[in-house]
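Colleague: Would you be able to build a 3D model of this:
(chains A and B)
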Number of protein chains: 2
Amino acid sequence: MSWKDNLIKIQPYTAGEQPNKTDFIKLNANENPYPPSPEVIRAIREFNGENLKKYPNADAVPLRAALAKRFGLECENVFAGNGSDDVLALCFRAFFNSGKPIIYPDITYSFYPVWCEMLKIPYETIPVDENFNINAADYDRPNGGVVIANPNAPTSIGRGPDFIREILDCNRESVVIVDEAYVDFGGISALPLLNEYENLVITQTFSKSRSMAGMRIGYALGNKEIISALFAAKDSYNSYPMDSVAIAAGIASVEDEEYFAETISRVISSRERLTEGLRAFGFDLPDSSANFVFAEHPKYAARDICEFLKTKDIYVRYFSKPRIDNRLRITVGTEEEIDKLLDALAGLK
Amino acid sequence: MSWKDNLIKIQPYTAGEQPNKTDFIKLNANENPYPPSPEVIRAIREFNGENLKKYPNADAVPLRAALAKRFGLECENVFAGNGSDDVLALCFRAFFNSGKPIIYPDITYSFYPVWCEMLKIPYETIPVDENFNINAADYDRPNGGVVIANPNAPTSIGRGPDFIREILDCNRESVVIVDEAYVDFGGISALPLLNEYENLVITQTFSKSRSMAGMRIGYALGNKEIISALFAAKDSYNSYPMDSVAIAAGIASVEDEEYFAETISRVISSRERLTEGLRAFGFDLPDSSANFVFAEHPKYAARDICEFLKTKDIYVRYFSKPRIDNRLRITVGTEEEIDKLLDALAGLK
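Modeller: Have a look, this model is predicted:
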């Protein structure tokens, strides 16, 4: 008998590779190629560091108020935490306590099963079709909760509000989480459905469209009862999750709508060029509603392309998983990065 | 049957009151009255905000390296997270999986039972004696883990290394967590015991002695196997817990040893004056090794004193809990704040 016998046994999630060098093109973590709003940079530079001696606002009220204003909601409809991974894990803890399996697509964000295992939540996955589409009717079955990423990752496919409505209509007795991490890049948010469906909760992040992956800000939108369950889950763990600088920087981002819109439109326009370029080269990929594409080549194995691109100092994401192990997830970079990627691919033998 | 039936049911922890006004004396959250190092403020001001578009260093390596250097350890001996609440909760998850009850004092940090309930870890509390002292021999019994806050909170009592050694000697088969949130204010760290006891893990925080409560930085020190279990627990939940600004600000704090020592010596000197002042006024309190005192008055009820002080815009902490419900926990403020507190107490009827 040893203390070592009682250590946690768990297989951790593997994030995108972070090479130990600086001069390379990083298209493997769905980061935004553009910096955050200049207002964010200013908010950090002008932050009153002396205030750090005090605990942060425990419930991140000023940031939640800024988000509420942007979405036409009340502060009590908004929860904020350290990135949407933090917020989603809290959602799983707060909403999925029925003992019945929760359901989500077989091909989706790979953290969902990890949180289920951590929190001992039973789950079942529902296969997407051969084109990676989610069939809403498949979600009309008994369950302890539903999670839908829309746009989905890593497939990049975004669906309209009727699709989410169909899932909500057959799931009145479960909480339905719509994970909208990528929605700002041309997806359609379920936001207008919040008034109609009290069991809907939407999560979003500052890591992608707001170029603030390094700051860790995510949030959830829902009715007041939903949001107050999230606070109960948070307060049972950590009274002060968001730091004061993140709160200030987050507010600055939300308040610079113009920069936000401009950055997104640049990413979308580059995505269309990347999509065309890859298709011209023979790749097959669905139309993307996200800041990445999900591509397969009929002649070259995805793993080989991924390794080949590494030799050119270009990093894309490859998943060694059933159904998607011949696909690459490629983040939309700058125009220059896209040029270099397409040039490199031309060298494939 | 409703989705509401499956929401989490939990009684959240209540943090110190945060009045909605600005002109008051806040001695209820054990915050440091002095700002963080000027180097911290500079690190934030000079932080390259453009880098926020990228995810942070996933394992906070640069901050862990700075801490390892300060403590004469390797980076692999250090874990860092969002405040010691975050780190301690991860410790509970990573180390206490035996199914046997973990043990800790009946009077200690009130988050321990909350994490046990959240993680379904059985626990037993062991009474401190009538002077709030922990008896090390009481911890010689079968258990699934041990948690000792040293100095203890809210009692303020710090114990020497022989006390921790005695607990370690009878607990070779469990992980022993020593929570040193307050150790820098004159307590004695268990750090030198790390080489001898591979089942020891020490947690510390930037929130108190480093005046960075608003930034959320905590860390754990232990042998490599202990620390790697913490990383497994973290990676099963959130790949990027610490943000890039916090990492930079934390490093700046660790590297300014002179300011750190100076601030602590000011707090200790004010604590001695506060202790004398309260005793002169008839209060009973143990010698404190922390940045707060734990005081009782033979004539006035603690709850009444707490309410009376609020009318003077002075906030101290009162716990409505067995054994300590006639005690006040009073944070060591600035010299001026201590003067105002002692003046106000002179008005007690």
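Colleague: Secondary structure element holding residue A:125?
Modeller: Assigned by DSSP states H and E, residue A:125 belongs to strand A:123-126.
Colleague: Show residues contacting that strand.
Modeller: Contact partners of strand A:123-126, identified using Cβ atoms under 8 Å, 6 or more residues apart in numbering or on different chains, comprise A:101-106, A:112-113, A:116, A:134, A:138-139, A:143. All C-beta spots, glycine's among them, are computed from the backbone N, C-alpha and C.
Colleague: what about that strand, distance to the chain center?
Modeller: Mean C-alpha position of strand A:123-126 versus that of the full chain (Cα atoms, centre = their mean, to the nearest Å) differs by 19 Å.
Colleague: neighbours of residue A:216, just the number please.
Modeller: Neighbour count of residue A:216, defined by other Cβ atoms under 10 Å in any protein chain shown: 32.
Colleague: now do residue A:258
Modeller: Residue A:258 has 10 nearby residues by other Cβ under 10 Å.
Colleague: Is there contact, residue-wise, from the helix or strand hosting it to chain B?
Modeller: In the assignment (DSSP H and E), residue A:258 maps to helix A:257-280. No - contact of helix A:257-280 with chain B (Cβ under 8 Å from any Cβ of the partner chain) is absent, the minimum separation being 9.8 Å.
Colleague: residue ranges with poor pLDDT in chain A?
Modeller: Residues of chain A meeting the criterion pLDDT under 70: A:11-17.
Colleague: quick one: contacts for residue A:68?
Modeller: If you count contacts by Cβ under 8 Å, 6+ apart, residue A:68 has them with A:74-75, A:77-78.
Colleague: Up against chain B, what does the stretch 101-250 of chain A have?
Modeller: Counting by Cβ under 8 Å from any Cβ, the stretch 101-250 of chain A sits next to chain B at A:114-115, A:117-118, A:144-145, A:172-175, A:198-199, A:207, A:211-216, A:225, A:229, A:231-246, A:249.
Colleague: Please flag which of those sit within helices.
Modeller: Taking DSSP state H as the definition of helices, those contribute A:114-115, A:117-118, A:225, A:229, A:231-235, A:244-246, A:249.
Colleague: Are any of these buried, and if so which?
Modeller: The neighbour-count test (16 or more other Cβ atoms under 10 Å in any protein chain shown) marks A:114-115, A:118, A:229, A:231-235, A:244-246, A:249 as buried among those.
Colleague: re the thing from before, just the buried residues from the contacts of strand A:123-126, in ChimeraX please.
Modeller: In ChimeraX, this line selects whichever of these come out buried by 16+ other Cβ under 10 Å:
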select /A:101,102,103,104,105,112,116,134,139,143
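Colleague: Just give me the closest of the contacts of strand A:123-126 to residue A:40.
Modeller: Taking Cβ to Cβ as the measure, residue A:40 sits nearest to residue A:112 out of those, at 29.6 Å.
Colleague: Which element, helix or strand, includes that closest one?
Modeller: Element membership for residue A:112 (DSSP H and E) is helix A:111-119.
Colleague: now that helix, how far from the centre of its chain.
Modeller: The answer for helix A:111-119 is 16 Å, by Cα atoms, centre = their mean.
Colleague: again with stretch A:77-87
Modeller: 12 Å.
Colleague: what's the span of it, first residue to last?
Modeller: Stretch A:77-87 has an end-to-end distance of 14 Å (criterion: Cα to Cα, to the nearest Å).
Colleague: so what's residue A:106 up against?
Modeller: So residue A:106 contacts A:125-128, A:323 (Cβ under 8 Å, 6+ apart).
Colleague: Dump those into a markdown table; add neighbour count and distance to residue B:314 as well.
Modeller: Shown next, in a markdown table, are those (neighbours: other Cβ atoms under 10 Å in any protein chain shown; distance: Cβ to Cβ, whole Å):
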| residue | neighbour count | distance to residue B:314 |
| --- | --- | --- |
| A:125 | 15 | 57 |
| A:126 | 16 | 59 |
| A:127 | 13 | 63 |
| A:128 | 19 | 61 |
| A:323 | 13 | 64 |
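Colleague: Farthest pair within these?
Modeller: A:126 and A:323 (12.9 Å).
Colleague: For the stretch 51-200 of chain A, which segments count as helices?
Modeller: For the stretch 51-200 of chain A, the helices defined by DSSP state H, counting those that start in this stretch occupy A:61-71, A:83-95, A:111-119, A:161-169.
Colleague: so which of the ones you listed is the most packed in?
Modeller: Comparing those by mean neighbour count (mean count of other Cβ atoms under 10 Å in any protein chain shown), helix A:83-95 ranks first with a mean of 26.
Colleague: How far off centre is that helix?
Modeller: On Cα atoms, centre = their mean, the centre of helix A:83-95 falls 12 Å from that of its chain.
Colleague: Show me how far stretch A:209-227 is from its chain's centre.
Modeller: Put simply, stretch A:209-227 sits 10 Å off its chain's centre (Cα atoms, centre = their mean).
Colleague: before we move on, the earlier item: of the helices of the stretch 51-200 of chain A, which is nearest residue A:55?
Modeller: Closest approach to residue A:55 among the helices of the stretch 51-200 of chain A (Cβ to Cβ): helix A:61-71, 13.1 Å.
Colleague: got the angle for that closest one vs helix A:257-280?
Modeller: 70 degrees (axes from the mean of the first three to the mean of the last three Cα atoms, to 10 degrees).
Colleague: Relative to chain B, how far out is residue A:164?
Modeller: Note on residue A:164: its distance to chain B, by Cβ to the nearest Cβ, to the nearest Å, is 16 Å.
Colleague: sorry, that was for residue A:190
Modeller: 16 Å.
Colleague: Kindly indicate which of the ones in helices among the residues of the stretch 101-250 of chain A next to chain B lies nearest residue B:304.
Modeller: Using Cβ to Cβ, residue A:235 comes nearest to residue B:304 of these, at 28.1 Å.
Colleague: re earlier: describe which strands the strand holding residue A:125 pairs with in its sheet and in which direction.
Modeller: When pairing is defined by DSSP bridges, strand A:123-126 lines up against strand A:102-105 (parallel).
Colleague: Extract the CA atoms of the strand it pairs with and return them as CSV.
Modeller: Extracted in CSV, the C-alpha atoms of strand A:102-105 (Å, rounded to 0.1, in the frame of the first residue of the first chain):
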residue,chain,number,x,y,z
ILE,A,102,-25.9,12.8,-22.2
ILE,A,103,-25.7,12.8,-26.0
TYR,A,104,-23.5,14.6,-28.5
PRO,A,105,-22.1,13.8,-32.0
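Colleague: gap between that strand and the chain center?
Modeller: The chain centre lies 16 Å from the centre of strand A:102-105; the measure is Cα atoms, centre = their mean.
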